[in-house]
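> attaching a predicted model along with its sequence, questions to come.
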Amino acid sequence: MSALPNVEEYVICPYDSAHRILPVRLTYHLTRCAKNFPSAKLVRCPYNSTHLHSVANMQNHIIECPNRSAAERFNLPDVLPPVEPRAREFLIESAEDWDAEPPVQTYNPAAHCEKELIIRNLQGAPPAARRAFRESERRRFREKNQF
Ligand SMILES: [Zn+2]
Ligand SMILES: [Zn+2]
């Protein structure tokens, strides 16, 4: 008995066969590796989201997947996973827990200006145009505030 993890417990990374990953680290690893191999068109196994294969290999994998029998009793899939994995969806889905960044609040400056009646600046416009724009903004400002 050894305290070290059994070599057979490691999983080979689908992106780079030189990567050996412990199953508990796999989701995290795949998220990072997907960024390093953006051209790798891998699809996810419907029975286990950490099984990634090319489309051709996935057709065989689905037949042999060790997670299949358990899932099949409840749900018989009749379609293969989509051919083109949507990369952004993949990253968002597997970005859970590990290194999770705080959610970024969406901020729409234009909508904010409209709402708060802030006088906007025309970026990069010639001074005369900027002046005319500022004037029209001031008028707009005054008109809105009269009611
Ligand atoms: Zn890897
Ligand atoms: Zn599988």
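Sure, I can see it. Numbering: from 1, shown residues only. Ligands and ions are numbered 1, 2, ... in the order given.

> tell me which residues of the longest helix seen in the chain are tucked away?
Of all segments of type helix in the chain, defined using DSSP state H, the longest is helix 127-146. Within helix 127-146, the residues scored as buried using 16 or more other CB atoms under 10 Å are Glu137. Quick note: C-beta positions are derived from backbone N, CA and C, even for glycine.

> dump that helix to CSV, restricted to CA.
Presented in CSV, the C-alpha positions along helix 127-146 are these (Å, rounded to 0.1, in the frame of the first residue of the first chain):
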residue,chain,number,x,y,z
PRO,A,127,-14.1,71.1,-31.9
ALA,A,128,-16.9,72.8,-33.9
ALA,A,129,-18.9,69.5,-34.1
ARG,A,130,-18.3,68.9,-30.4
ARG,A,131,-19.5,72.3,-29.5
ALA,A,132,-22.7,71.9,-31.6
PHE,A,133,-23.2,68.5,-30.0
ARG,A,134,-22.8,69.9,-26.5
GLU,A,135,-25.3,72.7,-27.3
SER,A,136,-27.9,70.2,-28.5
GLU,A,137,-27.2,68.1,-25.4
ARG,A,138,-27.7,71.1,-23.2
ARG,A,139,-31.0,71.9,-25.0
ARG,A,140,-32.0,68.3,-24.5
PHE,A,141,-31.1,68.5,-20.9
ARG,A,142,-33.1,71.6,-20.3
GLU,A,143,-36.1,70.3,-22.2
LYS,A,144,-36.2,67.1,-20.3
ASN,A,145,-35.9,69.0,-17.0
GLN,A,146,-38.7,71.4,-17.7
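
> show me what that helix is packed up against.
Helices and strands touching helix 127-146, by 3 or more CB pairs under 8 Å, 6 or more residues apart in numbering; DSSP states H and E: there are none.
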